[in-house]
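Q: model the structure of this input:
(2 chains)
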Amino acid sequence: MQDTKFERQRQEKLSRIKELGIDPYGGKYDGTELAEDIKRRFKEDDESQRAKCAGRIVLLRHMGALIFMTLRDWSGTIQVGLSKKLLGERWPLAKLLELGDIIGAAGQLGKTKTGEITIWVDSLALLSKSLCQPPEKFHGLADIDLRYRHRFVDLWANPEVMELFKKRSAIISTIRQFLNVRGFLEVETPMMQRIAGGAAAKPFTTHHNSLDMDLFLRIAPELFLKRLLVGGMEKVFEINRNFRNEGLSRQHNPEFTMLELYQAYADYNVMMDLTEQVIRLLVEEYCQGNQVKFGDMTVDFGRPWRRAQYAELLKEYAGCDIDDIKSVRQKAGKLGIDEADMDDAVVINKVFEAVVQDNLVDPTFVIDYPVALCPLTKRKKDDPKYAERFELLMARMELANAYTELNDPAVQEENFRIQLRGQEESMATMDRDFITALKYGMPPAGGLGIGIDRLVMVLTGATSIRDVVLFPLLKPVPN
RNA sequence: GGGAGUGUAGCUCAGGUGGUAGAGCAACGGCCUUUUAAGCCGUAGGUCUUGGGUUCGAGUCCCAACACUCUCACCA
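A: Now for the predicted structure:
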């Protein structure tokens, strides 16, 4: 931190506060109420009310022997009035306080002439001296880059940011409750893995020194959660970070939070119902109505969610028959996809992603994917070209992905051997230990993954994943 | 990685066609006991992201670098 003029000025004030014999960094400060709670419980015409509150000074109005401040805590704001008369020997401290300082204030609760609920402070404590200039008081911190880099300022300079992250926390808490009530067990599985399996993505690598062993940060917890199914945990879930070494975008942060859950003796239809239930519950609890605005889109959760087959959607949007690979490759060519070196299934999926996903705004379950794209999924009994997999798409994003889990070790081992051309990373990296687990017998099961960040985006209307991640990955500032 | 845009005071932003830097807030010095983004008087604050170039002269034009935003590609 460079020694700016402003910082020197504030250091000067800090010295003057110390000269008054006051610790500028305070200590334990008991018995406070949240600003919004105080305002809520205020009763008109009752002079016996007192209040105690702690917060940051975000507005400051000096009027000679009277000072008004607006304090912000994490619930909201409340006005405090400091008068020379009431404060007595603490008045010199009051005059030294400035924007950004954190103070504690207690006193009689009343209203001003203009009707603002105000704590008339008779007891004042400095809890932390701020040595940095706060951002502009009206516009807050607007520079997007600075907001992400200085989230510690963003959170109080822009109260809606605080609200969003409180909402994120509440959403996750609701999901946990939903699953706990249904008998799911929350577990934690390894973040550092010898084999990065369970998804198709480039992993981050790391190294364990004393074992002299390379490890990957996990791209998915899938193969470990399934081992728990083998172990007899019949309903498990994990809400935790995955790491994928891919590009950044409005929908992609290298580390992102995923809910993965597995339920023994269920299948993807059960997962579909569960997905719809939990998301409908969240919409009910955290959104106003069933129409949710997202950028220039409106996502309608109200109508029954469409459940459409992959092939059917390909026909509908791309106009080609999934079995007519020539026409699919032709379409791929038109879309500028370099399909020559790709396997059929990869080409089909490229076309699907290019044409279908960008058209699906309302929640849509895409069901029954071509088996080649689903090495961890059980095939449909009556149509083995397709696997019992669905993805939930909405707002032109993929939000969830689920399977009827493959529990046949022979088929799984065979799938691990197949490497698709045109897809750099395969979901099907051989994991012998996992095959061994399957050989002991894994119950038939349904599995589901929901991207929590994206879900929070849709529920809060935030169109960038960086707005729902507290500390998104940024390039370092040079120097 | 490709394309488009942006970068000016601590913060939020102005600065047609090149002529040497502006406002509001914040700061500093005053006045004020009912303000609400308080008000009034005064003061100070800038290597215009960085490095080159064109020019008598560059915040402005050109080139490059860096960062951010949007977008495309990889991916969830």
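Q: what's around whichever residue of the stretch 301-450 of chain A sits closest to RNA strand B, how many residues?
A: Proximity of the stretch 301-450 of chain A to RNA strand B (Cβ to the nearest atom of the strand) peaks at A:E398, 3.1 Å away. C-beta: built from backbone N, CA, C; applies to glycine. For A:E398, the neighbour count with other Cβ atoms under 10 Å is 18.
Q: next up, phi/psi of it, please.
A: phi -90, psi 120 (degrees, to the nearest 10).
Q: settle this for me: it is touching A:D358, isn't it.
A: No: using Cβ atoms under 8 Å as the test, A:E398 is too far from A:D358 to be in contact (11.6 Å).
Q: three-state assignment of the most far-flung residue of chain A relative to its centre?
A: Taking Cα atoms, centre = their mean, the residue of chain A most remote from its mean C-alpha position is A:K85, at 48.9 Å. What DSSP: H, G, I helix; E, B strand; the rest coil gives for A:K85 is helix.
Q: so who does the nearest residue to it once chain neighbours are set aside touch?
A: Closest residue to A:K85 apart from its sequence neighbours, by Cβ to Cβ, 6 or more residues apart in numbering: A:A65 at 7.2 Å. By Cβ atoms under 8 Å, 6 or more residues apart in numbering, the contact list for A:A65 reads A:S83, A:K84, A:K85.
Q: let me have these in TSV, extended by distance to A:D338.
A: Formatted as TSV, those follow (distance: Cβ to Cβ, whole Å):
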residue	distance to A:D338
A:S83	75
A:K84	77
A:K85	79
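Q: and those near RNA strand B, which?
A: A:S83, A:K84, A:K85 (Cβ under 7 Å from any atom of the strand).
Q: check what pLDDT the last one gets.
A: As summarised for this prediction, A:K85 has a pLDDT of 95.
Q: surely A:L60 touches A:E98?
A: Yes: if you go by Cβ under 8 Å, A:L60 and A:E98 touch, sitting 6.8 Å apart.
Q: check which helices and strands the lengthiest helix in chain A is in contact with.
A: Longest helix of chain A, by residue count under DSSP state H: helix A:159-181. The contact analysis (3 or more Cβ pairs under 8 Å, 6 or more residues apart in numbering; DSSP states H and E) places helix A:159-181 against helix A:151-157, strand A:185-186, strand A:235-243, helix A:268-286, helix A:452-460.
Q: sorry, back to before: what's the spacing between the residue nearest to A:K85 and A:P190?
A: As judged by Cβ to Cβ, to the nearest Å, A:A65 and A:P190 stand 64 Å apart.
Q: check the secondary structure at A:V366 for me.
A: Classified using three-state DSSP, A:V366 is strand.
Q: and it, what is it in contact with?
A: Contacts of A:V366 by Cβ under 8 Å, 6+ apart are A:A308, A:Q309, A:Y310, A:L313, A:V356, A:F390, A:E391, A:L392, A:L393.
Q: if it is in a bridge, with which residues?
A: A:A308, A:E391 (DSSP bridges).
Q: per-residue confidence for it?
A: A:V366 is given a pLDDT of 95.
Q: same check on the one 3 residues further on?
A: What the model reports as pLDDT for A:Y369 is 94.
Q: which residue is the nearest non-sequential neighbour of it?
A: A:R389 (4.4 Å).
Q: packing partners of the strand or helix carrying that neighbour?
A: Remark: A:R389 resides in strand A:386-394, with elements defined by DSSP states H and E. Contacts defined by 3+ Cβ pairs under 8 Å, 6+ apart place strand A:386-394 against helix A:268-286, strand A:364-370, strand A:397-404.
Q: out of those, nearest to A:R244?
A: strand A:397-404 (13.4 Å; Cβ to Cβ).
Q: could you measure from A:P203 over to A:K166?
A: 33 Å.
Q: and those two? Which one has more around it.
A: A:P203 (22 against 12).
Q: now that one: how far from RNA strand B?
A: 11 Å (Cβ to the nearest atom of the strand, to the nearest Å).
Q: what about RNA strand B: which of the contacts of A:V366 touch it?
A: Near RNA strand B, by the rule Cβ under 7 Å from any atom of the strand, you find A:E391 out of the contacts of A:V366.
Q: closest to A:W91 out of the ones next to RNA strand B among the contacts of A:A65?
A: A:K84 (4.7 Å).
Q: right, and that closest one touches A:W91 too?
A: Yes: between A:K84 and A:W91 there is a contact at 4.7 Å, judged by Cβ under 8 Å.
Q: check which helix or strand covers whichever residue of chain A sits closest to RNA strand B.
A: Closest to RNA strand B within chain A is A:G64: 2.1 Å, counting by Cβ to the nearest atom of the strand. Using DSSP H and E, A:G64 is not contained in any helix or strand.
Q: burial measure for it, as a count.
A: 7.
Q: which residues sit in contact with it?
A: So A:G64 contacts nothing (Cβ under 8 Å, 6+ apart).
Q: quick one, phi psi at it?
A: Residue torsions, per degrees, to the nearest 10, at A:G64 are phi 70, psi -110.
Q: quick one on the thing from earlier: buried ones in the longest helix of chain A?
A: A:P159, A:V161, A:M162, A:L164, A:F165, A:K167, A:R168, A:I171, A:I172, A:I175, A:L179 (16 or more other Cβ atoms under 10 Å).
Q: same check, this time on stretch A:326-337
A: Those would be A:V328, A:R329, A:K331, A:A332, A:I337, for stretch A:326-337 by 16+ other Cβ under 10 Å.
Q: what about the last one, which SS state?
A: Reducing the assignment at A:I337 to three states with three-state DSSP gives coil.
Q: got a pLDDT number for it?
A: 78.
Q: that one contacts A:I348, doesn't it?
A: No: using Cβ under 8 Å, A:I337 is not in contact with A:I348; the gap is 10.6 Å.
Q: buried residues in the helix or strand hosting A:L146?
A: Here A:L146 is covered by helix A:144-149, with elements defined by DSSP H and E. Within helix A:144-149, the residues that count as buried by 16+ other Cβ under 10 Å are A:R147, A:Y148, A:R149.
Q: considering only these, which also neighbour RNA strand B?
A: Applying Cβ under 7 Å from any atom of the strand to the buried residues of helix A:144-149, those adjacent to RNA strand B are A:Y148.
Q: give me the distance from the helix or strand hosting A:A105 to the chain's centre.
A: For A:A105, the host element (DSSP H and E) is strand A:102-111. From the chain centre to the centre of strand A:102-111 is a distance of 35 Å (Cα atoms, centre = their mean, to the nearest Å).
Q: kindly report the same for stretch A:216-225.
A: 19 Å.
Q: that stretch: end-to-end distance?
A: 17 Å (Cα to Cα, to the nearest Å).
Q: how about the residue of the stretch 301-450 of chain A closest to RNA strand B, nearest residue that isn't a chain neighbour?
A: A:E391 (5.4 Å).
Q: domains of chain A?
A: A:5-134, A:157-305+A:362-467 (automatic domain parsing).
Q: out of those, indicate the one that is most buried.
A: domain A:157-305+A:362-467 (a mean of 18; mean count of other Cβ atoms under 10 Å).
Q: end-to-end on that one?
A: OK, domain A:157-305+A:362-467 end separation, Cα to Cα: 15 Å.
Q: over to stretch A:229-244?
A: 25 Å.
Q: looking at it now, give me its mean pLDDT.
A: pLDDT averaged over stretch A:229-244 gives 96.
Q: tell me which of the buried residues of helix A:159-181 is nearest to A:A35?
A: Nearest member of the buried residues of helix A:159-181 to A:A35, counting by Cβ to Cβ, is A:P159, at 11.2 Å.
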